[in-house]
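Novice: predicted coordinates and the sequence they were generated for:
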Amino acid sequence: DAGVTQSPTHLIKTRGQHVTLRCSPISGHKSVSWYQQVLGQGPQFIFQYYEKEERGRGNFPDRFSARQFPNYSSELNVNALLLGDSALYLCASSLFSTTDGYTFGSGTRLTVV
Amino acid sequence: AQSVTQPDIHITVSEGASLELRCNYSYGATPYLFWYVQSPGQGLQLLLKYFSGDTLVQGIKGFEAEFKRSQSSFNLRKPSVHWSDAAEYFCAVGVVTGGGNKLTFGTGTQLKVEL
């Protein structure tokens, strides 16, 4: 079975631009979460979606948004990019309950110049 | 609010030596606890998890962790480290909020293995 897949793996953007990151969860997983990992730190929670509804939001500005599609894949959008948005963006999928744990993708490395 | 502390930023051990990585959490209810490992430029791989029951949890790659409620700790151990264990290790607490859930991570411990 395929794991959590994220695309693209790397990208470089200019300050002020917009970016869209994509995630496909493990088959059967209905929950997708997004995390931001700045170099040298642990991942920080951005969003959780379940059955196309937002179920949680971390302490991130409104420039960050996400959605989940009927096939449970998800997009993370970031507008008006800042240098500080440079990070590894991780997607995790799970069955809804935390008792199942989370499976992470390999991430998208975003560099803002 | 929940939090996770990993007191050791870097640890160096010799191959074949035992390993213990420390993790302390703060959370008002019964925690869900996880250890993940991350190789350079990669995502996170789940080593083990604790939800309830036996406080000694066995994971993959020969790792184990012990939940100690009285100490709010969930330390990761391995009896004999292999060079391939060199990586960054993250402890996390899972929180179920109204309608959703999330992980709160520590800042990580970088493990170096000397041959």
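Specialist: Received it, and whenever you're ready, just let me know what you need. Residues are numbered from 1 along each chain as shown, chains lettered A, B, ... in the order given.

Novice: who in chain A is up against chain B?
Specialist: Residues of chain A lying close to chain B (Cβ under 8 Å from any Cβ of the partner chain) are A:4, A:33, A:35, A:40-45, A:48, A:50, A:55-56, A:58, A:90, A:92, A:96-99, A:101-107, A:109. From N, CA and C alone the C-beta is placed, and that goes for glycine too.

Novice: and the strands in the chain, which stretches?
Specialist: No chain was given, so I picked chain A. A:5-7, A:10-13, A:19-24, A:31-37, A:44-50, A:53-57, A:64-68, A:74-78, A:87-94, A:103-104, A:108-112 (DSSP state E).

Novice: hmm, no, I was thinking of chain B.
Specialist: Under DSSP E, chain B gives strands at B:3-5, B:10-14, B:19-21, B:24-26, B:32-38, B:44-50, B:56-58, B:64-68, B:73-78, B:87-97, B:100-105, B:109-114.

Novice: quick one on the thing from earlier: mark which of the residues of chain A next to chain B are buried, thanks.
Specialist: A:4, A:33, A:35, A:42-45, A:48, A:50, A:55-56, A:58, A:90, A:92, A:96, A:98, A:101-107, A:109 (16 or more other Cβ atoms under 10 Å in any protein chain shown).

Novice: where does chain A have its least confident helix or strand?
Specialist: Counting by mean pLDDT, DSSP states H and E, chain A has its least confident helix or strand at strand A:53-57, which shows a mean of 90.

Novice: for chain B, which residues score under the pLDDT cut-off?
Specialist: Chain B contains residues with pLDDT under 70 at B:98.

Novice: quick check: residues of it near chain A?
Specialist: B:4, B:32, B:34, B:36, B:41-46, B:49, B:51, B:90, B:92, B:94-97, B:99-108.
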